[in-house]
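J.: My questions concern the predicted model and sequence given below.
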Amino acid sequence: MIPTHVDHAIDPVFDEHSRVLMLGTMPSPASRAAGFFYGHPQNRFWRVLAAVFDEPVPESIEDKRDLLLRRRIALWDVLASCDIEGASDASIRNAHPNDLSRVFEAADIQAVFATGAKAGQLYARFCQKAYGVPCVTLPSTSPANAKARLGDLVEAYRAALAPYAPREEPITLSVPQVVALEQAIAASGTPLSALMRRAGRALAKCALDEFEARREASTKRPVRSNATGGNNEPPAETAPSTAANLPEADRRALPHVVVLCGSGNNGGDGWVAAEYLAQRGCDVCVITPRAPEDIDAEPAHEAALHAAAQLSPASILVTPAHRELAQALDAADIIIDAILGTGFSGNTVREPYGAWIEAANARRAKGALAVAADVPSGLSAQTGKAAEPCMKADLTVTMMTLKPGLSTPYAFAFCGDVRIAPIAYIEPHLPHVLEEGGASGRRAENSQRSASAKAHGCENANGHAAIKPASPDCKPAAAQKANAEFIRAEAEDDDGYDPYSDRRPEPEPLFERDPWA
Ligand SMILES: NC(=O)C1=CN([C@@H]2O[C@H](COP(=O)(O)OP(=O)(O)OC[C@H]3O[C@@H](n4cnc5c(N)ncnc54)[C@H](OP(=O)(O)O)[C@@H]3O)[C@@H](O)[C@H]2O)[C@@H](O)CC1
Ligand SMILES: [K+]
């Protein structure tokens, strides 16, 4: 092959919060064509980073930039220009380095990692003396490095990056602040439709992971996390499969999922989740009050149309009759509740959603895993007040930040565990959003909340505090006044139940109504 002279033409990714710099040699022809780093579909770089941080594989360049900035990773290459044959690092001649001082002067870079041996050698030759930070060479994620298995790459990258991962306390924003945050993110160039895709994909991934973790715990043996992920390899998201083309044994291993979608944007999260789960080979049924083309809310309308084009028409039930709904739910291993989110208000949930929630709660009581999108339907994300009826979830995947209603006393009976899906790099927007919104979104408040959760061992694998039952000292003073319902609840609750244990708070009717509301 004849060498080509190549000038680096992709902008580095970094900002003042970056803590780690990752460097390759020079973008390959596929990356140059894609206009971003590690653009060859067989290159495992993005799959490895997603697995390291336990999040869905980023789809777009914008998703990739967001992941890097959010995780404090600066990304560039050692070389500004060189002569190279295709993507062969061994053929590099006439090499000239990039001016990395752009990154070192803007950010407090604490570690440099080369994504392959050649990049490490070039850094040592051209850069190490100038910048004074030594470089650790990681195995290449290129398909040319075929001997490195995906699982081994993930381990190596995890060990390298984990010490530098940001460990910030989860933050609570009021619902108006969350809306302001979404708008600020949109104004800075990430459309709401992109946020919704990330939200739905994170929701689906959390639901599948939780299902597999519970199944594994119950069978005490490892279960394949998806149809293509055997040999302890993390799931290969870039190789979607459908249930139809899987061997019988794999089809049996995949959960049947019912996704309940409302007609607002919470429903949009559900449509994206349904599409993701179907791509992963799950049997998916979407319950919706309207056909995708009749959904008015944006970006939910766009998300529903996109998902419906990937799903079989038979898997979409529009305002099903009660019996049809019950039949669909009877088959569900996982129920995704994407009926109502932060837009919900009121003391009662109107039909058909009320009937859907009751049917879903009944199915959950028989063993299905219920996962709520953003907030359980019927629970006020702002006040934590539960309407009649209210969805009871085993896990709530809430987008970007906590909302006040998720941490109120008794909300846990509806939310289950709460996990934050970090779907956007929110730090640059927080000062503005917090300034606008008064005291309800202070990080200090959250430090206390999170410290309490951590003290009880509730921190999840992402370093986020999984919110468990509030401690008794969280009772608002007003609630101390005598109240028959409250006294009965306290008396009946005095049965040795430890709210920080894994035991479910039985009998649940105690928590049907929030006595503080
Ligand atoms: N914005 C974005 O880009 C992003 C948003 N995201 C997601 O969007 C969610 C917020 O979406 P949203 O604002 O559309 O509100 P949402 O929770 O779907 O509720 C509206 C629906 O509720 C209904 N409804 C209300 N009260 C009711 C009652 N009592 N009983 C029955 N129904 C009632 C109301 O019905 P209507 O009044 O129109 O008849 C309407 O249909 C948020 O939680 C997050 O999940 C993320 O993906 C990130 C990107
Ligand atoms: K919901």
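T.: Perfect, I can see it now. Ligands and ions are numbered 1, 2, ... in the order given.
J.: Give me the distance from stretch 290-306 to the chain's centre.
T.: For stretch 290-306, the distance from its own C-alpha centre to the chain's C-alpha centre is 22 Å (Cα atoms, centre = their mean, to the nearest Å).
J.: Could you do stretch 126-140 as well?
T.: With Cα atoms, centre = their mean as the basis, stretch 126-140 stands 32 Å off its chain's centre.
J.: Let me see the backbone angles for L21.
T.: Main-chain dihedrals, L21, degrees, to the nearest 10: phi -120, psi 120.
J.: That one: how many residues sit nearby?
T.: Per other Cβ atoms under 10 Å, the neighbour tally for L21 reads 26. Quick note: C-beta positions are derived from backbone N, CA and C, even for glycine.
J.: wait, isn't it in contact with D77?
T.: No: the criterion here is Cβ atoms under 8 Å, and L21 misses it with D77 at 10.7 Å.
J.: Now the stretch 151-300 of the chain against ligand 2: closest residue?
T.: Of all residues in the stretch 151-300 of the chain, N266 sits closest to ligand 2, at 5.0 Å by Cβ to the ion.
J.: For that residue, give its distance to L203.
T.: 10 Å (Cβ to Cβ, to the nearest Å).
J.: From the rest of the structure, what touches stretch 201-208?
T.: 55-56, 59, 225-226, 255, 257, 269-270, 272-274, 276-277, 280, 282, 334, 336, 338, 369, 371, 373, 395, 397, 399, 419, 421-423 (Cβ atoms under 8 Å, 6 or more residues apart in numbering).
J.: Report the buried members of the residues you listed.
T.: Using 16 or more other Cβ atoms under 10 Å as the burial test, these include 55-56, 225-226, 255, 257, 269-270, 272-274, 276-277, 280, 282, 334, 336, 338, 369, 371, 373, 395, 397, 399, 419, 421-423 as buried.
J.: M391 contacts V371, doesn't it?
T.: No: counting by Cβ under 8 Å, M391 stays clear of V371, with 10.1 Å between them.
J.: residues bridging contact with the two, i.e. touching both?
T.: With Cβ under 8 Å, 6+ apart, M391 and V371 have common neighbours D337.
J.: domain assignment for the chain?
T.: 4-164, 175-227+241-422 (automatic domain parsing).
J.: Lowest average pLDDT across the ones you listed?
T.: Mean pLDDT values for the domains of the chain show the minimum at domain 175-227+241-422, a mean of 93.
J.: In the longest helix along the chain, which residues are buried?
T.: Taking DSSP state H as the criterion, the chain has its longest helix at helix 192-219. Neighbour counts over helix 192-219 (16+ other Cβ under 10 Å) mark 192-212, 215 as buried.
J.: likewise stretch 313-333?
T.: Result for stretch 313-333 [16+ other Cβ under 10 Å]: buried residues 315-317, 320, 325, 328-329, 332-333.
J.: Does ligand 1 have contacts with it?
T.: No: judged by Cβ under 6 Å from any ligand atom, stretch 313-333 stays clear of ligand 1, getting no closer than 13.6 Å.
J.: for this protein, which strand is longest?
T.: Ordering each strand of the chain by length in residues (DSSP state E) puts strand 88-97 first.
J.: tell me what it is packed against?
T.: The helices and strands touching strand 88-97, judged by 3 or more Cβ pairs under 8 Å, 6 or more residues apart in numbering; DSSP states H and E, are strand 79-85, helix 117-126.
J.: Quick one: work out the angle between it and helix 117-126.
T.: Strand 88-97 and helix 117-126 are oriented at 20 degrees to each other (axes from the mean of the first three to the mean of the last three Cα atoms, to 10 degrees).
J.: angle of strand 88-97 against strand 79-85?
T.: Using the same axes, to 10 degrees, strand 88-97 lies at 140 degrees relative to strand 79-85.
J.: Please work out how many residues are found near I287.
T.: 29.
J.: That one contacts A321, correct?
T.: No: the criterion here is Cβ under 8 Å, and I287 misses it with A321 at 11.5 Å.
J.: Could I get the contacting residues of L317?
T.: Here L317 is in contact with 285-288, 324-325, 328 (Cβ under 8 Å, 6+ apart).
J.: And what about it, helix, strand or coil?
T.: strand (DSSP: H, G, I helix; E, B strand; the rest coil).
J.: State the pLDDT value of Y497.
T.: With respect to pLDDT, Y497 scores 47.
J.: whoops, A517 was the one
T.: pLDDT at A517 comes out at 57.
J.: Tell me how many other residues crowd the residue in the stretch 1-150 of the chain that ligand 1 sits nearest to.
T.: At 13.3 Å from ligand 1, D66 is the closest residue in the stretch 1-150 of the chain, using Cβ to the nearest ligand atom. Per other Cβ under 10 Å, the neighbour tally for D66 reads 23.
J.: Could you do A355 as well?
T.: 14.
J.: Could I get the phi/psi values of it?
T.: Here is the backbone geometry of A355 (degrees, to the nearest 10): phi -70, psi -40.
J.: State whether it and A326 are indeed in contact, as I suppose.
T.: No: using Cβ under 8 Å, A355 makes no contact with A326, being 9.9 Å away.
J.: who are the neighbours in contact with A186?
T.: Neighbouring residues of A186 by Cβ under 8 Å, 6+ apart: 192, 195.
J.: mind checking how far it is from A304?
T.: From A186 over to A304 the distance is 19 Å, taken as Cβ to Cβ.
J.: again, but for H432
T.: According to Cβ to Cβ, H432 and A304 sit 31 Å apart.
J.: Please identify which of the two sits among more neighbours.
T.: Between H432 and A304, counted using other Cβ under 10 Å, A304 has the larger neighbour count: 29 against 12.
J.: by contact count, what packs against the strand or helix carrying the more buried one?
T.: Following DSSP states H and E, one finds A304 within helix 300-310. Here helix 300-310 touches helix 192-219, helix 265-279, going by 3+ Cβ pairs under 8 Å, 6+ apart.
J.: So what touches that helix?
T.: Outside of helix 300-310, the residues within contact range by Cβ under 8 Å, 6+ apart are 193, 196-197, 200, 261, 263-269, 271-272, 274-275, 278-279, 286, 288, 292-293, 295, 316.
J.: Quick check: pLDDT value at the residue sitting furthest away from the middle of the chain.
T.: In terms of distance from the mean C-alpha position of the chain, I2 ranks first, at 44.2 Å (Cα atoms, centre = their mean). I2 is assigned 87 on the pLDDT scale.
J.: ok so it is a strand residue?
T.: No: checked against three-state DSSP, I2 lies outside a strand; its state is coil.
J.: Isn't it up against G86?
T.: No: counting by Cβ under 8 Å, G86 is not a contact partner of I2; they are 9.8 Å apart.
J.: can you tell if stretch 292-311 touches ligand 2?
T.: No: Stretch 292-311 is not in contact with ligand 2 by Cβ under 5 Å from the ion; minimum separation 12.6 Å.
J.: dump the residue contacts of the closest residue to V272 other than its chain neighbours.
T.: Closest residue in space to V272, ignoring its immediate chain neighbours: G200 at 2.3 Å, by Cβ to Cβ, 6 or more residues apart in numbering. By Cβ under 8 Å, 6+ apart, the contact list for G200 reads 268-276, 303, 373.
J.: farthest-separated two in the residues you listed?
T.: Maximum pairwise distance in the contacts of G200, criterion Cβ to Cβ, is 13.8 Å, between E275 and A373.
J.: Close to ligand 1: what parts of the stretch 51-200 of the chain are there?
T.: Residues of the stretch 51-200 of the chain found near ligand 1 (Cβ under 6 Å from any ligand atom) are 182, 192, 195-196, 199.
J.: returning to that earlier point: of all the residues in the longest strand of the chain, which ones are buried?
T.: 89, 92, 95, 97.
J.: Spell out, range by range, the helices that occur in the stretch 101-250 of the chain.
T.: All helices of the stretch 101-250 of the chain, identified by DSSP state H, counting those that start in this stretch, fall at 101-106, 117-126, 128-131, 150-161, 175-187, 192-219, 248-253.
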